[in-house]
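Colleague: Mind looking at a prediction? Sequence and model below.
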Amino acid sequence: MNAILTIAANELRRLLVTPMAWIALASVQFVLAIFFFLLLTQFLENPQIAQQGVTQIVATGTLQLAGIILLLVVPFLTMRLFSEEYRSGSLTLLLSSPLSLTEIVLGKFLGIYVFLLIMLGMIALMPLSLAVGTTLDFGHLAAAILGLGLLMGAFAAIGLFISALTSQPAAAAIATFAVLFVLWIINLAAGGAGEQVGAMLSYLSLLKHFEAQLAGVFNSADVIYYLLVMLTFVVLTIWRLDAERLHG
């Protein structure tokens, strides 16, 4: 456990000294602040929309947009996790160290996930600020924030795995975005498929489970789905590095 935390701390420290991390934090906050202001203005000026409640329109609306923005941002944060190790040649030293592959992968994953959770905390301040002047449905908001946090974990795990497949960070970023985008919209193909295939495609959709959380519905099935995605891609990353060590 100490080894995992040490690797995670080093990964987080390495991420925070790069301009990319700070640009990502600033960009996400800036773009979301604009949308937050627009949603709030729309809520205040349109009585029909206001009937749905400030939590539904402004708070969860902001978190929904955050999910879309992170779909674009996370690939650039995860692209160097292992790709940079390949390019610098440090992966060979890392794999030959007394650390187990599980410790290395979990440490890397935890490092990037902690950074994303810091970003989540900053994002959550916007909808929470509404509590100063109005009444929020905190149960609804908590479910939505939890959903975004789990979505971030799934994004990070997928990006981690793809970064272990190539030594080119740009290729890792593009491939990660492609996979995330497909998993985001895959439920759109469910309508034209058979019943069993449609149900499977719908279940695989990142968006479907996220929307359930945004609606304020806490379902253990959605939590299990995201945990399974994280576990699957972490295990795939371990297998990929194990194959690299055997052939290396």
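Modeller: Everything's here; your move.

Colleague: Might you report the residue contacts of the residue nearest the centre of the chain?
Modeller: By CA atoms, centre = their mean, the mean C-alpha position of the chain lies nearest to Met152, the distance being 1.8 Å. Applying CB atoms under 8 Å, 6 or more residues apart in numbering, we find Met152 in contact with Leu70, Val74, Tyr113, Leu116, Leu117, Met119, Leu120. Any C-beta I mention is one placed from the backbone N, CA and C, and that applies to glycine too.

Colleague: any chance of these in CSV, with neighbour count too?
Modeller: Listed next are the contacts of Met152 as CSV, based on neighbours: other CB atoms under 10 Å:
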residue, neighbour count
Leu70, 23
Val74, 25
Tyr113, 22
Leu116, 22
Leu117, 14
Met119, 22
Leu120, 19
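
Colleague: so who does the residue sitting furthest away from the middle of the chain touch?
Modeller: Relative to the mean C-alpha coordinate of the chain, counting by CA atoms, centre = their mean, the farthest residue is Pro47 (34.1 Å). Residues in contact with Pro47 (CB under 8 Å, 6+ apart): none are found.

Colleague: ok now the host helix or strand of Ile7, how far from the chain's centre?
Modeller: Element membership for Ile7 (DSSP states H and E) is helix 2-16. Relative to the mean C-alpha coordinate of its chain, helix 2-16 is positioned 18 Å out (CA atoms, centre = their mean, to the nearest Å).

Colleague: what residues does it touch?
Modeller: Residues contacting helix 2-16 (CB under 8 Å, 6+ apart): 21-22, 77, 81, 99-100, 103-104, 106-108, 110-112, 114-115.

Colleague: Among those residues, which one lies nearest to Val234?
Modeller: Among the contacts of helix 2-16, Leu106 lies closest to Val234 (CB to CB), at 6.9 Å.

Colleague: okay, now the closest one: neighbour count?
Modeller: Per other CB atoms under 10 Å, the neighbour tally for Leu106 reads 21.

Colleague: thought it was touching Val234?
Modeller: Yes: counting by CB atoms under 8 Å, Leu106 does reach Val234; the two are 6.9 Å apart.

Colleague: re earlier: which two of the contacts of helix 2-16 have the greatest separation?
Modeller: Checking the contacts of helix 2-16 with CB to CB, the most distant pair is Trp22 and Ser100, at 32.3 Å.

Colleague: Flag the shaky bits of the protein, pLDDT-wise.
Modeller: The model of the chain has pLDDT under 70 over residues 50, 89, 91, 190-194, 245-248.
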